[in-house]
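K.L.:
Quick one, what's the 3D model for this:
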Amino acid sequence: MIKKFSLSILAITFLAASSAVYAQSDRWQQKVKYIIDVTMDVEKNTYQGTQKLHYTNNSPDTLTRAFYHLYFNAFQPNSMMDVRSRTITDPDRRVMDRIQKLSPEEIGILKVKKLTMDGRKVDFEHVETILEVDLNTPILPGQTVVFDMEFEGQVPLQVRRAGRDNAEGIRYSMSQWYPKMAAYDKRGWHANPYVGREFYGNFGDFDVKITIDKTYILGGTGYLQNANQIGHGYEEEGVKVVTKGKNLTWHFTAPNVHDFMWAADPKYTHEKVKMENGPMVHFLFVKNDKTEENWTKLKGYTVDAIQYMSDHFGKYPYEQYSVVQGGDGGMEYPMSTLITGHRGLQSLVGVTVHELIHSWYYGVLGFNESSEPWLDEGFTTWGTSVVMDAVFAKSPNFVQNGAYNSYFKLAKAGYEEPLTTHGDHYNLNSAYGPGTYNKGAVFVEQLAYVIGKENFDKAMLRLWNDWKFMHPNGHDVIRVMEKTSGLELDWYYDYFVTSTKTIDYGVKSVEAADNQTKITLERVGLMPMPLDIVVTYNDGTQEMIYLPLVIQRGNKPEEKGMAARSMTVRWPWTNYSQEVQLDMPISSIKSVEIDPSLRLADVNRANNKLDVSTLIEKK
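P.N.:
Down below sits the predicted model:
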């Protein structure tokens, strides 16, 4: 089994590297290889570790400095995370002033004791959650260097995502626990302080050994290499495991990922399901009357969701996925998630599906969660609604209705910020959530409206095939949609992502013109969009008038399930009204409606439909 895993790891790494080379040959990214050995003291909640980092500079730049993230240092009184939480108008309820109240034994600590590059000491300084490193020798383009490190840490009382002894009693949720080299890309270093939001890292390989009290059961990122020496449900069938001494060393490897998470608790139940055409799915939770029934049902839903995502958006590329009880809600990590487990079934399935879908957009495509959180959260929120509708409960309504309504509320509230805002720099949490999650989801669904569902489905698979393991950005997403549809879409990105301008179209009037009908449409909002106008006749038949924007330079194809297209009229974005002449008498028309599919994010749908028959009766 171990040998089989090793071969599979090599195959996955090779395929991923091949796709990265050939799909986008002009896009470089740094390469990391971590070898980490850490020993955990479960009495003191501290740990000592060593780290060897092979760092390859694939950039065209010469690097004279380097930066590591030291995330646990955020959980100290008066840290930037603490101050931000205590001064923002609407703090995260999970944080509030909790960091300020931590005792010395409860704070988080991550400290580098020694660091060398290629055997030579380098100067470094701890600046809260960032280690600033001055290199004695520059790292040249194409060069690989080796950093050797000794470090120590203290696990904070769980406040946000990581920590010990969470609200459900899970001992260790070990995310963001090791010194992690900051990402360097075409925009330079991303050494952002940790003040509460999301993450961005280099793809690479991890070899991690964790020595801990033998009563603890571990799970998370990576393939366990010594399962037959560990037991706890990981061993091969029929193998009898006998452990000696107080501690066990768990040895994990993880190929082509950009982070490594693990969780540990002596009370965990470990169960697993092997998919017929997919990964081994592990479930680690504390079995009791709050979890047993729903976590048992969760297994089937998780398998169905993985299969659905693999079929529609790209095949899951790893050989395992782990759903682990821990953390403070739900948070995604490579090959795994931490979720709180005391939930009703729909909530439990929903949070698992959401974090699972992150494995495609955060985990493999590798969207930058920090500077473009709307991409990762938007695609994931959109996908959550689609997958839940497919595997849990079919909705009788528009599947993305919740996301649209949340965005409408935000757009009308007056405190919306452009989606290009860095995740840590939103003025309000109440603007960040509806924006990044829900407006982000609207961005995705509305793309299907703009380019057509068939083109959209093809583009989603193309996005996966062209950009997996390569950190695409918002412009890259738009280019995939353009290449697939043949349409020009830069205007869509510029309006909907970089501005807060809104969409509002109305059917202004429907008037008789001899034996014909004149329809006047108006643009009330500042954002232009193509329009689908459905005319319904008194006999129940329908036809569509399609009004693409001139600047999109083409038309979307007719869509299945929609009214047949009878007319196409191109609309210049500079014009705030557009007339359409129908070769039908007004007496035959029942109604004229803008976008009955509801995919157009029109903030005022009250003026989208005109009941012509009622209008005639009144006259």
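
K.L.:
Thought Q325 was touching I170, still the case?
P.N.:
Yes - in this structure I170 lies within contact range of Q325 using Cβ atoms under 8 Å: 5.9 Å. All C-beta spots, glycine's among them, are computed from the backbone N, C-alpha and C.

K.L.:
any idea how far G326 lies from V286?
P.N.:
G326 sits 10 Å away from V286, going by Cβ to Cβ, to the nearest Å.

K.L.:
so what sits against both of I170 and Q325?
P.N.:
263, 265, 286 (Cβ atoms under 8 Å, 6 or more residues apart in numbering).

K.L.:
in its sheet, what does the strand or helix carrying Y546 sit against?
P.N.:
Here Y546, judged by DSSP states H and E, is contained in strand 542-547. If you go by DSSP bridges, strand 542-547 pairs up with strand 531-537 (antiparallel), strand 565-568 (parallel).

K.L.:
pLDDT of it, averaged?
P.N.:
In this model, strand 542-547 has an average pLDDT of 98.

K.L.:
Repeat that for stretch 276-286.
P.N.:
97.

K.L.:
for this structure, what spans make up the helices?
P.N.:
Taking DSSP state H, the helices of the chain run over residues 2-23, 80-87, 227-230, 292-313, 345-358, 373-391, 401-413, 429-433, 440-451, 453-467, 474-485, 490-496, 612-618.

K.L.:
Tabulate those in JSON lines, adding columns for mean neighbour count and mean pLDDT.
P.N.:
Shown next, in JSON lines, are those (neighbours: other Cβ atoms under 10 Å; pLDDT from 0 to 100):
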{"stretch": "helix 2-23", "mean neighbour count": "13", "mean pLDDT": "39"}
{"stretch": "helix 80-87", "mean neighbour count": "18", "mean pLDDT": "98"}
{"stretch": "helix 227-230", "mean neighbour count": "18", "mean pLDDT": "96"}
{"stretch": "helix 292-313", "mean neighbour count": "18", "mean pLDDT": "98"}
{"stretch": "helix 345-358", "mean neighbour count": "22", "mean pLDDT": "98"}
{"stretch": "helix 373-391", "mean neighbour count": "24", "mean pLDDT": "98"}
{"stretch": "helix 401-413", "mean neighbour count": "18", "mean pLDDT": "98"}
{"stretch": "helix 429-433", "mean neighbour count": "18", "mean pLDDT": "97"}
{"stretch": "helix 440-451", "mean neighbour count": "24", "mean pLDDT": "98"}
{"stretch": "helix 453-467", "mean neighbour count": "19", "mean pLDDT": "98"}
{"stretch": "helix 474-485", "mean neighbour count": "19", "mean pLDDT": "98"}
{"stretch": "helix 490-496", "mean neighbour count": "18", "mean pLDDT": "98"}
{"stretch": "helix 612-618", "mean neighbour count": "14", "mean pLDDT": "78"}
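
K.L.:
Adding distance to G49, write the ones you listed out as a markdown table.
P.N.:
Shown next, in a markdown table, are the helices of the chain (distance: least, Cβ to Cβ, whole Å):
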| stretch | distance to G49 |
| --- | --- |
| helix 2-23 | 23 |
| helix 80-87 | 23 |
| helix 227-230 | 19 |
| helix 292-313 | 32 |
| helix 345-358 | 27 |
| helix 373-391 | 29 |
| helix 401-413 | 42 |
| helix 429-433 | 33 |
| helix 440-451 | 36 |
| helix 453-467 | 33 |
| helix 474-485 | 36 |
| helix 490-496 | 43 |
| helix 612-618 | 73 |
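
K.L.:
T541 is nearest to which of those?
P.N.:
helix 612-618 (14.3 Å; Cβ to Cβ).

K.L.:
Just the buried residues from the shared contacts of I170 and Q325, in PyMOL please.
P.N.:
Paste this into PyMOL to select the buried members of the shared contacts of I170 and Q325, with burial taken from 16 or more other Cβ atoms under 10 Å:
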select buried, resi 263+265+286
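
K.L.:
In strands, which of the shared contacts of I170 and Q325 fall?
P.N.:
263, 265, 286 (DSSP state E).

K.L.:
out of the residues you listed, which one sits closest to Q48?
P.N.:
So of those, ranked by how close each gets to Q48 (Cβ to Cβ), first place is A263, at 19.5 Å.

K.L.:
picking up where we left off before, ok, the shared contacts of I170 and Q325 vs K468, which is closest?
P.N.:
Using Cβ to Cβ, these come closest to K468 at A263, 26.2 Å.

K.L.:
any idea how far D90 is from that closest one?
P.N.:
30 Å.

K.L.:
go on, E369?
P.N.:
21 Å.

K.L.:
Quick check on the two: which one has the bigger neighbour count.
P.N.:
Per other Cβ atoms under 10 Å, whichever of E369 and D90 has more neighbours is E369, with 22 against 11.

K.L.:
Could you report the neighbour count for the closest residue in space to that one that isn't next to it in sequence?
P.N.:
Spatial nearest neighbour of E369, excluding adjacent residues (Cβ to Cβ, 6 or more residues apart in numbering): E198 at 3.2 Å. Neighbourhood size, E198 [other Cβ under 10 Å]: 22.

K.L.:
Can you pull the phi/psi pair for the residue of the chain positioned farthest from its centre?
P.N.:
What lies farthest from the middle of the chain is D514; by Cα atoms, centre = their mean that is 55.4 Å. Note on D514: its backbone torsions stand at phi 60, psi -120 [degrees, to the nearest 10].
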